[in-house]
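Quick one, fold the following:
(one chain, ligands or ions: 1)
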Amino acid sequence: MDRTHRALLSDLIRFKTITPSGDDAISYCVRFLEEVGFVCTKMQYGEVTNLYAKLGNHDKNLCFAGHIDVVPPLDGWGTDPFTLTEKDGKLYGRGTNDMKGPLSSCLMAIRDFVTTASSCEFSISVILTSNEEIGGDTGTRQVVEFLEDSGEKITGCVLCESCSQIASGEYVKIGCRGSLDVDLTSHGHQGHVANWKELGNHLHSFVRFLHLFTETPLDEGSEKFSPSSIQLTSVDVGNDVRNVIPQTAAAKLNIRFNDLWSIDDLEAHIRAQTPDNINIVFGRHGYPFIGSRDEFVSFVCSSIEGVTHKAPGIGTNGGNSDALSIREITDVVEVGSLITGAHIVDEFITEEELMKLRSIYLGIINSFQNFC
Ligand SMILES: [Zn+2]
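Numbers count the residues shown, from 1 in each chain. Take a look at the predicted model:
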């Protein structure tokens, strides 16, 4: 990896861009992009800074999108999370995986292209936000609204998000499952444990219900989605007293559901399964979607294969991202680092991954002239 790339990543890691603060880091990216000829439009929404940057003025417009913010490092790090540190062949730092590392590869790929291409008959654009990890209406959503209002068109977008289920750069995420939180509270009778026959012990039936509910498949998956999954994230009784059956017990579940379900049908299905003594509260966090037409997916896949010499994986597994907003204005897919490395203590990426991603993003830019 050349010194410029490493210095770029090192600088990005040094900015403590814990959501939503990212102004300094975005200004830094503006300077980088302006140096290679981009025209940059910064947008401020309270503490959140967003950016739309564009090179050239063609109708065909290949966009790269990403976020500069990171989740807080919390405790347990072996290195300073905000200093890029090389150890045992790995580069450590908060955001190396999600997603300052892939972003550095993307910016370097753009620079590689601009400094070597003799001519270019399309535009390249960049969307950046400092509010992805918490999300909401002030991040990429606002850039999407700005682009809609100004009539600016994007032909297709590659979101450089930490999303790969296989290896960095070798997976194209084409959509996302929906997410539904389900909070359950079981109600029964409180009393002496010795009187269980008279009281009935609702904890037993609650546990049986949770077991059956989580073990019964919701579906077998669809053409572009894997089977929906039900995961318990908490089971709470909060009872320290050994001779009392408590009145209530609670459990939390999260369901990642595919396009065989509407959110209304899924909620109705859950209500129908749940005994009357269990109260349900739902929390809706997004619906399943496919973010791109097949043509753009094929274009990105063949561009990647042109670099790696193997077909990338394609799927919809993984968490929600800004693709949810971007899909409203253009085809969007995600290509980035390995998802299992995101948000962890001692987050890292390797030079090899960074260079592979840089080659892949450059390959996508190089092939774009032949797309549509
Ligand atoms: Zn991310």
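
can we go C-alpha only for contacts and neighbour counts from here?
Fine.

Other residues contacting the host helix or strand of residue 203?
Assigned by DSSP states H and E, residue 203 falls within helix 202-215. The contact list for helix 202-215, computed with CA atoms under 8 Å, 6 or more residues apart in numbering, reads 186-189, 230-232, 249, 273-274.

For the helix or strand that it is followed by, name the packing helices and strands.
Sequence-wise, the next helix or strand downstream of helix 202-215 (DSSP H and E) is strand 229-236. For strand 229-236, the packing partners by 3 or more CA pairs under 8 Å, 6 or more residues apart in numbering; DSSP states H and E come out as helix 202-215, strand 248-257.

Quick one: distance of the last one to the chain centre.
Once both centres are worked out by CA atoms, centre = their mean, to the nearest Å, strand 248-257 turns out to sit 22 Å from its chain's centre.

in its sheet, what does that strand sit against?
According to DSSP bridges, strand 248-257 forms sheet pairs with strand 178-187 (antiparallel), strand 229-236 (antiparallel).

Contacts for the helix or strand containing residue 157, please.
Assigned by DSSP H and E, residue 157 falls within strand 156-159. Contacting residues not belonging to strand 156-159 are listed as 61-66, 296, 322-323, 326, 330-336 [CA under 8 Å, 6+ apart].

Now find how far off-centre it is within its chain.
In terms of CA atoms, centre = their mean, the gap separating the centre of strand 156-159 from the centre of its chain is 14 Å.

average pLDDT across it?
Strand 156-159 carries an average pLDDT of 98.

Ok, stretch 172-186 next?
On average, stretch 172-186 scores 96.

cool, stretch 74-88 as well?
96.

now what about stretch 254-268, what contacts it?
So stretch 254-268 is contacted by 177-182, 219, 221-222, 225-233, 282, 284, 287-289 (CA under 8 Å, 6+ apart).

Just send the helices and strands packed on strand 229-236 back as JSON lines, with mean neighbour count too.
Formatted as JSON lines, those follow (neighbours: other CA atoms under 10 Å):
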{"stretch": "helix 202-215", "mean neighbour count": "15"}
{"stretch": "strand 248-257", "mean neighbour count": "20"}
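
Could you list the buried residues of stretch 54-64?
54-56, 60-64 (16 or more other CA atoms under 10 Å).

re the thing from before, now find how far off-centre whichever helix or strand comes after the strand holding residue 157 is within its chain.
Following strand 156-159 in sequence order, the next helix or strand is strand 171-173 (DSSP H and E). Its chain's average C-alpha position is 12 Å from that of strand 171-173, according to CA atoms, centre = their mean.

packing partners for strand 171-173?
By 3+ CA pairs under 8 Å, 6+ apart, strand 171-173 packs against helix 294-308, strand 313-315, strand 331-334.

if you set the cut-off to 7 Å instead, what comes out?
Strand 171-173 sits against strand 313-315, strand 331-334, with contacts defined as 3 or more CA pairs under 7 Å, 6 or more residues apart in numbering; DSSP states H and E.

For the following helix or strand past the last one, which outside residues touch it?
Translated: strand 331-334. Next helix or strand after strand 331-334 toward the C-terminus (DSSP H and E): strand 348-349. Identification of contacts with strand 348-349 by CA atoms under 7 Å, 6 or more residues apart in numbering yields 90-93, 96-97.

can I get the residues you listed in JSON lines with secondary structure and neighbour count?
Putting those into JSON lines (DSSP: H, G, I helix; E, B strand; the rest coil; neighbours: other CA atoms under 10 Å) gives the following:
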{"residue": "90", "secondary structure": "strand", "neighbour count": "15"}
{"residue": "91", "secondary structure": "strand", "neighbour count": "22"}
{"residue": "92", "secondary structure": "strand", "neighbour count": "27"}
{"residue": "93", "secondary structure": "coil", "neighbour count": "29"}
{"residue": "96", "secondary structure": "coil", "neighbour count": "32"}
{"residue": "97", "secondary structure": "coil", "neighbour count": "32"}
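
In this model residue 278 seems to touch residue 186, though I could be wrong.
Yes. Between residue 186 and residue 278 there is a contact at 4.3 Å, judged by CA atoms under 7 Å.

buried residues in stretch 292-310?
292, 296-297, 299-305, 307-308.

now the residues you listed in TSV, with pLDDT and distance to residue 170?
Compiled in TSV, the buried residues of stretch 292-310 are given as follows (pLDDT from 0 to 100; distance: CA to CA, whole Å):
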residue	pLDDT	distance to residue 170
292	97	18
296	98	16
297	98	13
299	98	14
300	98	11
301	98	9
302	97	11
303	98	11
304	98	8
305	98	9
307	97	10
308	97	8
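
Present the residues you listed as a markdown table; the columns should include distance to residue 135.
Putting the buried residues of stretch 292-310 into a markdown table (distance: CA to CA, whole Å) gives the following:
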| residue | distance to residue 135 |
| --- | --- |
| 292 | 21 |
| 296 | 26 |
| 297 | 25 |
| 299 | 29 |
| 300 | 26 |
| 301 | 28 |
| 302 | 31 |
| 303 | 30 |
| 304 | 29 |
| 305 | 32 |
| 307 | 33 |
| 308 | 33 |
